[in-house]
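>>> structure, please.
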Amino acid sequence: MSSSSLPKGDRAVIFLHVPKTAGSTLRRILQRQFEPSATHRLYGNHPEELFAQFRTLPESARLRIRLLLGHFGFGMHRHLASPFTYVAVTRQPVERVISDYEYIRNNAGHVFHRRMIEANLGLREFVECGEWTFNDNAMVRMFAGMLDAPVGSLDERALERAKSNIRDHFGLVGLTERFDETLVLLARRFGWRSVYYERENVSANRPDKAAVPEDAVSAIARANALDIDLHRFVTEHFQREAEQEGPGFQDAVREFGRVNAELKRLIHEAHELIMEQHYQDALHTLDRAFALDPEAAVVHHQRSAACFHLGAVEDALMHASVALRLDPYDRRVILHCGHLLDSAGRPGRAQALYRFYLRQQDPYDAEILGKLDAAEGESGEGLRRLLSSCARLGAIPS
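So this is what the prediction gives:
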């Protein structure tokens, strides 16, 4: 059953992650709202294997899932054992395909990268090759639950099915173009905390749409006519939902944008101060950041780093434990906590933490893969708290 009318604690959230829609940024925000043990991710180059494994999970395991997320189509709720609601984000389709092309071209780990490079596919050739289904109305495919439909086979019935699913089963479908509004709506609707963000997984060297050849833009539009219609539908629906929030909503969005920008500025300033070895000044800057968002994991991470360099090891461990508890998926936090564990003579625990990150976030992270070899300190309340935070992830035995 869909559960938009149920209290937030009574439903699982299914994040239908459409590629190149700021979904990686939203994914990190969503993961901060749920315990790692209640989160199940379906990402990877072999999705059918992942889906098959998920479908065979025992009911007890499926009952624990409060957040399910991945590049899958509508319908995964049929394999959950609890009430649910979906969330997603859409993007103007031409912009999305251009971004997807640049991402694949610059990401050697992507399943289609080798084919693109060996065939020297330009943007138009990429769209027209008929081999990458996400060039062919990816959003309608996903929202209609028709990922396996042959290229060129989707029609108006698929579009209407996608719209019906959105109306009936989605707690919110946001917009990349109105991302701050999307986050404020999600925070209000689900009661979520700390939705501070920095953009993630942004395509490198992505050209402006105006610089893209017109024939390529036209090819994308032809191949994604249904997605263009669906995005228009979502935009109109989103506008109505924003208006229903009342006159104070846009003020709240502007304030969120102001705080997010200031927090980002302070975090960057503190990082620069730490790099310049002005650790005390960095702590003063981080006090201001903490006042804006006491649950921003990166603030606690930087406090930990500054304290460590000042020789306040116990304080460093305390702040690291808080950072790890608030955001166990932040790469900077993982690397820093691993370094602290190594320094405290706990290399096995550090390696388990690195394995957790590789399993949950990015199995190809070269730097973290390189950390898996380490050498064995002292104990104290700070170390015990950090180890406790690690144990909470299921990465390290209590």
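
>>> list the contacts of Gln361.
Shown in contact with Gln361 (CB atoms under 8 Å, 6 or more residues apart in numbering): 329, 331. Placement of C-beta: from N, CA and C, glycine included.

>>> how many residues are close by Gln244?
By the measure other CB atoms under 10 Å, the count of residues near Gln244 is 9.

>>> output the below-cut-off pLDDT ranges for the stretch 251-398 of the chain.
373-398 (pLDDT under 70).

>>> what segments of it are helices?
279-292, 297-309, 313-326, 331-343, 347-360, 366-370, 381-392 (DSSP state H, counting those that start in this stretch).

>>> A strand includes Leu68, no?
Yes. When DSSP: H, G, I helix; E, B strand; the rest coil is applied, Leu68 is found to be in a strand.

>>> so it is in contact with Leu16, correct?
No. Between Leu68 and Leu16 there is no contact under CB atoms under 8 Å: 9.4 Å.

>>> I'd like the distance between Thr285 and Leu63.
44 Å (CB to CB, to the nearest Å).

>>> quick one: which of Leu68 and Leu16 has more around it?
Comparing Leu68 with Leu16 by other CB under 10 Å, the one with more neighbours is Leu16, at 27 against 24.

>>> who touches the more buried one in this structure?
Per CB under 8 Å, 6+ apart, neighbours of Leu16: 72-74, 86-88, 142-143.

>>> please flag which of the residues you listed sit within strands.
Those of these mapping onto strands are 86-88, per DSSP state E.

>>> tabulate those in JSON lines, adding columns for neighbour count and pLDDT.
Formatted as JSON lines, the ones in strands among the contacts of Leu16 follow (neighbours: other CB atoms under 10 Å; pLDDT from 0 to 100):
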{"residue": "Tyr86", "neighbour count": "24", "pLDDT": "97"}
{"residue": "Val87", "neighbour count": "23", "pLDDT": "98"}
{"residue": "Ala88", "neighbour count": "23", "pLDDT": "98"}
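
>>> so how many other residues sit close to Ala252?
Neighbour tally, Ala252, other CB under 10 Å: 17.

>>> I figured it hits Ala187, correct?
No. Applying CB under 8 Å as the test, Ala252 and Ala187 come out as separate, 9.3 Å apart.

>>> on that earlier part again, pull the most distant pair out of the contacts of Leu16.
Gly73 and Val87 (14.7 Å; CB to CB).

>>> Thr285 and Leu63 - which one has more neighbours?
Using other CB under 10 Å, the more surrounded residue of Thr285 and Leu63 is Thr285, with 23 against 14.

>>> for the closest residue to that one other than its chain neighbours, what are its contacts?
Distance criterion CB to CB, 6 or more residues apart in numbering; nearest residue to Thr285, sequence neighbours excluded, is Ala270 at 4.5 Å. By CB under 8 Å, 6+ apart, the contact set of Ala270 is 282, 285-286, 289, 299, 302, 306.
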